[in-house]
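# Provided below are the primary sequence and the corresponding predicted coordinates.
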Amino acid sequence: MGKRKGDNKDGNANKKKKYAPGTFNVEPKMKGFLVTTVRGRELQAGREICDLLSEYAEQLYGPGFGEYSKEELEAAKNSEEGDATEQEKQGNDEEEDVEEEKEEEEEKEESLEDSIARELAELKQERQQPKRARKFSTFKTNTDCVIFILAMHVQPEELCSYMLNDLAKTGVKRTRNCSRIIPVTETCYANMNDMTAMAEKVFRPHFQAENQKPVTFSILPKIRHNDKVKREDLIKQLASKVGAGQQHKVDLRNYDKLVLVEVIKSICFMGVVEDYERLKRFNLQTIFEASRSGGLDSPKPKKDDDSAESSPLATSTATASEASTPNPDKDSEKEEC
């Protein structure tokens, strides 16, 4: 009996540690970006994508965009106190970076010693400033290979589209650890009432705007670590909000707009994007490879209004199979562990 009790106690302790309060820092009414990476490289991915987003935000919104007021800077410092222990715990990651530098075949003129010194200097400088000093900060999702970048002062879809199109045009590889980037217009708790209410707000400028023209759309949901949200129920509810009072059509192949929905544990992330297929499903590595081998742009297939994939959306009768893309991310699942 004693042994069994001890085993149960250990098991409960592990479970509490894994899902301890405060470890999942994303809250409702946030906006930013979900970023996928390779397992174990979440911290490095957060650093490089925040730097890249800051650079493009200054290009898009003007010089000095990343500067905080004194009040904002003080709030940023206070918000980072809770993450101090985690930063110290992961403080030895530069050693992994050094080993990776030895293995990777990169054309660099600097010596190994110079490379180590440079990386250590960058890490030291980064730790002397709060993560939000440039208005982008990394939040853990406690999910392997997925991080959230908080970006309250930008329009995520706008910035993401601007950045990806420029990366495709230049053909320069700017990231080592990031795989995909997904703009998030807003977050909410992952229950049907909150998700439906948030969808009405998120969808309004894309599907319910003044003088709205009919568009084709599809919905792509992904659910992780949550067994309460059912995929088909979610698609049906969201599809009804897209088509409320409009003449929009579902088109699984040649959609104008794609609704991206990510449910991770207790939080739902939602956004609406365009050019998802042309921009290689927002996969940074694939964009780089395509740009180096001829570019992304190609003639768009003509739409067939009578095809099986294109059908008017009935507000109250839209089914999950009508509104959901079967699996446009099938080819990219390998990199999202």
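Nice, I can see it.
# all contacts plus neighbour counts: C-alpha atoms, from now on.
Noted.
# In the protein, spot the helix with the most residues.
helix 42-61 (DSSP state H).
# what's it in contact with?
37, 64-66, 134-138, 145-147, 149, 154, 159, 162-163, 174-178 (Cα atoms under 8 Å, 6 or more residues apart in numbering).
# Mind picking out the helix or strand in the protein with the poorest mean pLDDT?
Ranked by mean pLDDT, DSSP states H and E, the weakest helix or strand in the chain is strand 310-312, scoring a mean of 38.
# Among the contacts of helix 42-61, which lie within helices?
Short answer: the contacts of helix 42-61 in helices (DSSP H) are 159, 162-163.
# returning to what we had before: report the buried members of the contacts of helix 42-61.
Buried members of the contacts of helix 42-61, scored by 16 or more other Cα atoms under 10 Å, are 37, 65-66, 134-138, 145-147, 149, 154, 159, 163, 177-178.
# So which residues of this protein form helices?
Taking DSSP H as the criterion, the chain carries its helices at 2-18, 42-61, 70-79, 84-89, 93-103, 112-127, 156-170, 192-207, 231-242, 284-292, 320-323.
# related to what we said a few turns ago, reformat the ones in helices among the contacts of helix 42-61 into TSV and put distance to residue 262 next to each item.
Shown next, in TSV, are the ones in helices among the contacts of helix 42-61 (distance: Cα to Cα, whole Å):
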residue	distance to residue 262
159	19
162	22
163	21
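# Looking at those, spot the one nearest residue 184.
residue 159 (11.1 Å; Cα to Cα).
# Please name the residues that touch that closest one.
53, 56-57, 60.
# could you redo the residues you listed as a markdown table and give each row distance to residue 270 and neighbour count?
Below are those laid out as a markdown table (distance: Cα to Cα, whole Å; neighbours: other Cα atoms under 10 Å):
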| residue | distance to residue 270 | neighbour count |
| --- | --- | --- |
| 53 | 19 | 20 |
| 56 | 22 | 17 |
| 57 | 21 | 25 |
| 60 | 23 | 15 |
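# Just put these in JSON lines and tack on pLDDT and distance to residue 274.
Listed next are those as JSON lines, based on pLDDT from 0 to 100; distance: Cα to Cα, whole Å:
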{"residue": "53", "pLDDT": "95", "distance to residue 274": "19"}
{"residue": "56", "pLDDT": "95", "distance to residue 274": "19"}
{"residue": "57", "pLDDT": "94", "distance to residue 274": "19"}
{"residue": "60", "pLDDT": "94", "distance to residue 274": "18"}
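# Nearest to residue 263 among the residues you listed?
So of the contacts of residue 159, ranked by how close each gets to residue 263 (Cα to Cα), first place is residue 53, at 23.4 Å.
# Which one of the contacts of residue 159 is nearest to residue 114?
residue 53 (26.4 Å).
# Comparing the helices of the chain, which yields the minimum mean pLDDT?
Of all these, helix 2-18 carries the lowest average pLDDT, namely a mean of 45.
# Flag the shaky bits of the stretch 201-337 of the chain, pLDDT-wise.
Along the stretch 201-337 of the chain, segments meeting pLDDT under 70 span 297-337.
# Try it again at 80.
Applying pLDDT under 80 to the stretch 201-337 of the chain picks out residues 243-245, 294-337.
# Show me the strands in it, by range?
216-224, 249-251, 257-264, 267-273, 310-312 (DSSP state E, counting those that start in this stretch).
# hey, which of these is tucked in deepest?
The highest average neighbour count among those, using mean count of other Cα atoms under 10 Å, belongs to strand 249-251 at a mean of 27.
# Note down every partner strand of it and its orientation.
strand 216-224 (parallel), strand 310-312 (antiparallel) (DSSP bridges).
# That's all I had, so thanks and see you.
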